[in-house]
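Undergrad: sequence plus predicted model, see below.
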Amino acid sequence: MRKFRVLSILLLLSGFSVALAQRPKVGLVLSGGGAKGMAHIGVIKAMEEAGLYPDYITGTSMGSIIGALYAIGYSADEIKQIALDIKWENVLTNEIPLDKVAFEEKPFYGRYFIELPIRNKQIGLPQGVIEGQELTMLLNKITRPAHGITDFNKLPIPYACMAADIEKGKAVVLNSGSLPLAMRASMSIPTFFTPTLIDSTLYVDGGLLRNFPVQEALDMGADIIIGVFVSSDLDKKEDLDNMVAVLSQSAFVFSAHDSREQTKLVDIYVEPDLEGYSTGSFWDGEEIIKRGEEAGQKFLPVFRKLADSLNQLGPVRIPKKLPVVNEYTFKTIRIEGNEKVPDELILGKLRIKENKPINIDELEKRINLLYGTLYFSKVIYNIDDEKNELAIIVKETAPASIKVAAHYDSDNKAGITLNLTSRNFLLPSSRFIFEYDLAQNPRLDLNYFKYLGKKQNLAVVVSTTWMRYDMPSYWLESRDNSNSPSSGLNSLFEDKAFNASLALQGTYRSNATFGAKIEYLNHIINPVVADSINDDGFVFVLNEISTKNWGVQAYLSSNTFNKPFFATRGIRMDLRAGYLFDRLYSLSISSNIFPDGPVEATTPPDNFVYASFRLDQLIPLGANLTLGYGLSVRLNNGQLSASDFPLRTFIGGERPVGWLVQAYEATPAKRFDAMNLATASTFLQWEPFKNIYLTGRVDYLESRYPMQWFDSEVLITNIGAYPRRLGFSAKVSYDSLIGPITLGIGKDQYLRGVNGFFGFGYYIKR
């Protein structure tokens with residue numbers, strides 16, 4: 001039978017008429033190969049040019065992706081555009097854009113380099129490096145025309161893909177069910193992507209066992225096989241010079257031998273020249289597709305001959321693209337996969353109602369909103385047209401996780417951040433965070449967040465923060481430059497600040513919130529380096545300043561930045577107003593006139609009213625260039641008193657640490673302080689190479705206006721010796737796996753010399 005089939009194909013390619021009962025069926029087989037699989041597009045384009053269309057398609061891994069898109073009716077040019085438009089830096093990572101993360105999670109998101117799940121009270125390892133929510137949503141989006149088709153034989157071109165049942169160790173043909181889920185399973189590269197669970201079976205990349213599914217195309221009914229192979233054979237021993245190479249080859253030894261056997265069943269074998277490209281060359285898509293086009297053009301005469309011969313035996317069947325349905329009305333909404341997260345949280349975040357129409361773009365936006373709560377490692381959806389049913393399939397994150405980050409900078413030295421996050425802790429629909437920054441300026445945060453209400457549009461937040469940080473003071477800056485204004489530490493204090501609050505805030509939107517809270521604030525300030533005061537023989541020494549305050553605060557905040565670090569678009573705004581009351585202040589002083597020891601004076605200071613506003617906007621000027629600007633105002637009724645000293649804003653440094661701080665890269669950390677302050681800044685950020693950033697920045701500081709326009713009685717103090725000043729800075733940064741690495745210099749218009757700064761690692765940025 002095989003000999004007769006081969007002879008018939010040879011006669012067809014030679015132009016002879018062959019007496020066949022029916023037109024032979026053509027099967028297109030696309031191998032796996034990671035990024036190199038984009039070369040399949042070029043070969044398909046040549047087949048289209050020849051008027052040759054397959055009757056069946058099989059594929060593995062990347063071959064399953066390209067094959068599925070062609071099977072549902074996309075043209076080669078459309079698939080090419082899809083591949084080139086994909087933002088691979090988002091798809092090939094666990095991170096999602098910051099603007100898709102729930103507002104309450106943004107401060108803790110994207111600043112750890114190790115994250116270990118805790119299951120059954122044991123610390124474990126993730127199933128893979130990448131869970132792939134962005135990839136899953138991408139597959140859902142590009143297969144929209146096939147939503148509701150569960151039998152892949154009913155696609156415009158019958159289709160099947162290969163996956164491996166990792167539990168039983170066998171190859172499995174996926175030809176029914178959810179098309180995007182089957183594609184995701186077929187490319188679940190072990191340890192890189194997490195396995196895909198379908199109907200209680202755990203699947204990994206089909207390339208592990210069958211990377212070139214020729215036999216499966218024959219089983220579907222193909223008479224003629226066109227096979228495109230883009231994978232690599234086994235490496236030679238001289239290339240197996242490291243444990244990663246040996247481990248990788250060991251995993252695919254069986255598959256490589258199987259591919260050789262499958263190749264023998266191919267009638268027209270195409271292997272593009274992909275020398276110089278690897279499975280990870282996703283950013284070289286245009287060049288890889290071009291290599292595929294070159295290979296396809298070499299076979300163009302063969303494709304034309306076959307097409308002409310086949311057309312003599314029957315009409316050509318050009319696959320028609322499936323229509324896209326943009327709006328649905330669901331009779332039922334079904335939730336699958338949740339064990340601890342209640343349905344109310346899922347449905348409350350989705351806000352999808354039965355028997356009411358919803359646009360597919362809005363549906364995917366709601367899915368992203370649900371995923372952004374970070375209660376799930378994966379959220380996908382499936383539409384059953386026959387039942388008018390929407391299925392939301394979720395995979396919950398581990399009940400708890402441990403996260404670790406390390407950081408260093410020239411202002412604050414080294415530190416290690418430890419984070420324990422637990423979800424559904426004590427109560428359902430809740431999240432508890434314990435975070436400690438073990439550093440020269442240590443910080444402890446406890447945060448408990450609980451969704452409320454039927455629609456989960458409100459939340460109660462209980463939080464506490466403790467931190468210890470330096471409060472330096474410098475000799476008064478001289479306007480005539482008779483002294484050295486860039487140095488000269490006058491005193492150094494250490495503040496131990498503690499804050500506890502209870503808040504009620506809105507959770508309707510992922511990028512904005514409003515709320516109100518009641519809080520308790522305590523500062524204990526001790527001198528580290530401080531001169532005693534000698535007044536005509538009477539010596540006074542400050543021992544401690546202590547303040548205790550109760551307060552209320554209202555706030556409105558939003559953040560649409562796309563990344564925690566090196567963001568390129570978005571707006572961030574924060575508006576707050578507060579009132580501190582029931583204040584208590586004590587001062588401990590030692591003196592030679594107090595023979596019985598230190599004296600403590602306790603007085604109730606005036607109530608403290610404050611308001612602050614901050615706005616930052618990032619405007620993309622091109623693919624790699626971003627313009628940013630910022631404005632801020634801090635206004636209060638504070639005075640030059642020890643009781644209000646902890647509520648002053650310290651100014652200076654790239655990463656200042658403290659209760660109220662203002663970054664100013666032109667000087668070292670906390671070089672100045674002010675009670676009331678306004679700032680304006682602008683910068684240009686350029687990414688000349690991937691993950692390399694060059695930034696130039698100008699900062700303006702103002703201590704008089706617009707504060708005096710709001711209140712003529714407000715306390716005005718100079719910033720150093722001047723009411724306003726300019727700062728200039730430039731830096732080069734690298735967005736590395738361990739966090740941002742930055743080297744820069746800054747120059748204040750009045751201070752002598754320049755300020756150099758260096759930092760690396762993920763740090764607390766709030």
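TA: That came through, no problem.

Undergrad: wait, a strand at residue 588?
TA: Yes: note on residue 588: a strand contains this position according to DSSP: H, G, I helix; E, B strand; the rest coil.

Undergrad: does it touch residue 543 like I think?
TA: Yes: with contact taken as CB atoms under 8 Å, residue 588 and residue 543 are classed as touching, separated by 4.0 Å. The C-beta positions use only the backbone N, C-alpha and C, and glycine is treated the same way.

Undergrad: quick check: neighbours of the strand or helix carrying residue 574 in the sheet, parallel or antiparallel?
TA: If you go by DSSP states H and E, residue 574 is part of strand 570-591. Strand 570-591 pairs in its sheet with strand 538-559 (antiparallel), strand 599-603 (antiparallel), strand 608-620 (antiparallel), by DSSP bridges.

Undergrad: out of the ones you listed, nearest to residue 323?
TA: strand 608-620 (34.3 Å; CB to CB).

Undergrad: next one, pLDDT for residue 690 please.
TA: Among the per-residue scores, residue 690 shows a pLDDT of 89.

Undergrad: and the one 10 residues further on, by the same measure?
TA: We have a pLDDT of 98 for residue 700.

Undergrad: for it, grab the count of nearby residues.
TA: Neighbour count for residue 700, taken as other CB atoms under 10 Å: 14.

Undergrad: out of the strands paired with strand 570-591, nearest to residue 65?
TA: Put simply, out of these the one that sits nearest residue 65 is strand 608-620, at 28.8 Å, with distance taken as CB to CB.

Undergrad: show me which positions of the next helix or strand after the closest one end up buried.
TA: Sequence-wise, the next helix or strand beyond strand 608-620 is strand 625-636, with elements assigned using DSSP H and E. Taking 16 or more other CB atoms under 10 Å as the basis for neighbour counts, the residues of strand 625-636 that come out buried are 626, 628, 630, 632, 633, 634, 635, 636.

Undergrad: so which of those residues comes closest to residue 125?
TA: Using CB to CB, the buried residues of strand 625-636 come closest to residue 125 at residue 626, 36.4 Å.

Undergrad: list the beta-bridge partners for the closest one.
TA: Here residue 626 sits in beta bridges with residue 620, residue 685, going by DSSP bridges.

Undergrad: show the contacting residues for it.
TA: Applying CB atoms under 8 Å, 6 or more residues apart in numbering, we find residue 626 in contact with 567, 568, 569, 618, 619, 620, 684, 685, 686.

Undergrad: check it and give its pLDDT.
TA: Among the per-residue scores, residue 626 holds a pLDDT of 98.

Undergrad: distance check, it against residue 567.
TA: Counting by CB to CB, to the nearest Å, the gap between residue 626 and residue 567 amounts to 8 Å.

Undergrad: overlap of the contact sets of those two?
TA: Common contacts of residue 626 and residue 567 (CB under 8 Å, 6+ apart): residue 618.

Undergrad: reformat the buried residues of strand 625-636 as a markdown table; add distance to residue 313.
TA: Converted to a markdown table, those look like this (distance: CB to CB, whole Å):
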| residue | distance to residue 313 |
| --- | --- |
| 626 | 59 |
| 628 | 65 |
| 630 | 70 |
| 632 | 76 |
| 633 | 79 |
| 634 | 81 |
| 635 | 84 |
| 636 | 87 |
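
Undergrad: would you list the phi and psi of residue 52?
TA: phi -110, psi 120 (degrees, to the nearest 10).

Undergrad: so how many other residues sit close to the closest residue to it other than its chain neighbours?
TA: Distance criterion CB to CB, 6 or more residues apart in numbering; nearest residue to residue 52, sequence neighbours excluded, is residue 307 at 4.0 Å. The number of residues packed near residue 307 is 19, by other CB under 10 Å.

Undergrad: where does residue 307 land in three-state SS?
TA: For residue 307, the secondary-structure state derived from three-state DSSP is helix.

Undergrad: residues touching it, list them.
TA: For residue 307, the contacting residues are 50, 51, 52, 316, taking CB under 8 Å, 6+ apart as the criterion.

Undergrad: any of those residues buried? List them.
TA: Among those, those classed as buried by 16+ other CB under 10 Å are 50, 52.

Undergrad: need the contacts of residue 307 in TSV (columns: distance to residue 641).
TA: Putting the contacts of residue 307 into TSV (distance: CB to CB, whole Å) gives the following:
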residue	distance to residue 641
50	86
51	87
52	86
316	89
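
Undergrad: which of the contacts of residue 307 fall within helices?
TA: Using DSSP state H, the members of the contacts of residue 307 that fall within helices are residue 50.

Undergrad: now the contacts of residue 307 as CSV including pLDDT and distance to residue 208?
TA: Conversion of the contacts of residue 307 to CSV gives the following (pLDDT from 0 to 100; distance: CB to CB, whole Å):
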residue, pLDDT, distance to residue 208
50, 94, 34
51, 93, 36
52, 95, 31
316, 79, 37
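
Undergrad: mean pLDDT lowest for which of the strands paired with strand 570-591?
TA: strand 599-603 (a mean of 72).

Undergrad: residue 678 and residue 667, how far apart?
TA: 18 Å.
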